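[1] Output the structure for:
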Amino acid sequence: MANYAELVELIVKKLVTKPEEAEIISETSEHGEILVTIKVATEDIGRVIGKKGSTINAIRHVAKAASVKSGERVDVDVKED
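    Numbering: from 1, shown residues only. Down below sits the predicted model:
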């Protein structure tokens with residue numbers, strides 16, 4: 001199993017202005033799907049989501065592309081506090 005949280009963390013920390021506040025959490029559901037949750041500073045949420053969701057969609061595509069070979073299902077979500 002690849003470490004998708006590490007992959008997403010690498011991308012997110014390059015995008016945000018406060019990388020020390022970025023937190024990436026990976027959980028596996030009972031169905032075997034891997035959920036990667038991104039938590040960033042309030043002022044960085046827009047940077048992670050992007051215009052019309054383009055940046056978060058690109059992050060999701062990268063994570064899903066990384067999971068194709070192993071056959072795992074990966075979903076990436078942004079948690080807003």
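
[2] Could you pick out the longest helix of this structure?
    If you go by DSSP state H, the chain has its longest helix at helix 54-67.

[3] quick one, strands of the chain?
    Per DSSP state E, the chain carries strands over the ranges 23-28, 34-39, 74-78.

[4] could you dump the ones you listed to TSV with distance to Leu15 and mean pLDDT?
    C-beta: built from backbone N, CA, C; applies to glycine. Shown next, in TSV, are those (distance: least, CB to CB, whole Å; pLDDT from 0 to 100):
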stretch	distance to Leu15	mean pLDDT
strand 23-28	12	95
strand 34-39	10	96
strand 74-78	12	96
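
[5] just to revisit the earlier point, can you pull the buried residues of the longest helix of the chain?
    Thr55, Ile56, Ile59, Arg60, Val62, Ala63, Ala66, Ser67 (16 or more other CB atoms under 10 Å).

[6] Show residues contacting stretch 70-81.
    Stretch 70-81 is contacted by residues 1-2, 4, 8, 32-40, 42, 45, 48-49, 56, 59-60, 63-64, 66-67 when judged by CB atoms under 8 Å, 6 or more residues apart in numbering.

[7] Just the terminal-to-terminal distance for it.
    33 Å (CA to CA, to the nearest Å).

[8] Below-threshold pLDDT in this protein: ranges please.
    Along the chain, segments meeting pLDDT under 70 span 1.

[9] Pull up the gap between Glu27 and Pro19, please.
    In this view, Glu27 and Pro19 are 22 Å apart by CB to CB, to the nearest Å.

[10] again, but for Val76
    When Val76 is compared with Pro19 (using CB to CB), they lie 17 Å apart.

[11] Ok, His61 next?
    His61 sits 22 Å away from Pro19, taking CB to CB as the criterion.

[12] same thing with Gly53?
    Using CB to CB, Gly53 is found at 21 Å from Pro19.

[13] Which one's more surrounded, these two?
    Remark: of Gly53 and Pro19, Pro19 carries more neighbours, 14 against 11, as counted by other CB atoms under 10 Å.

[14] pretty sure that one is touching Leu10, no?
    No. Between Pro19 and Leu10 no contact is recorded; they are 10.4 Å apart, counting by CB atoms under 8 Å.

[15] Based on its surroundings, how many neighbours for the nearest residue to Glu27 once chain neighbours are set aside?
    Using CB to CB, 6 or more residues apart in numbering and skipping residues adjacent in sequence, the residue nearest Glu27 is Leu35, 5.0 Å away. A count of nearby residues for Leu35, using other CB under 10 Å, gives 16.
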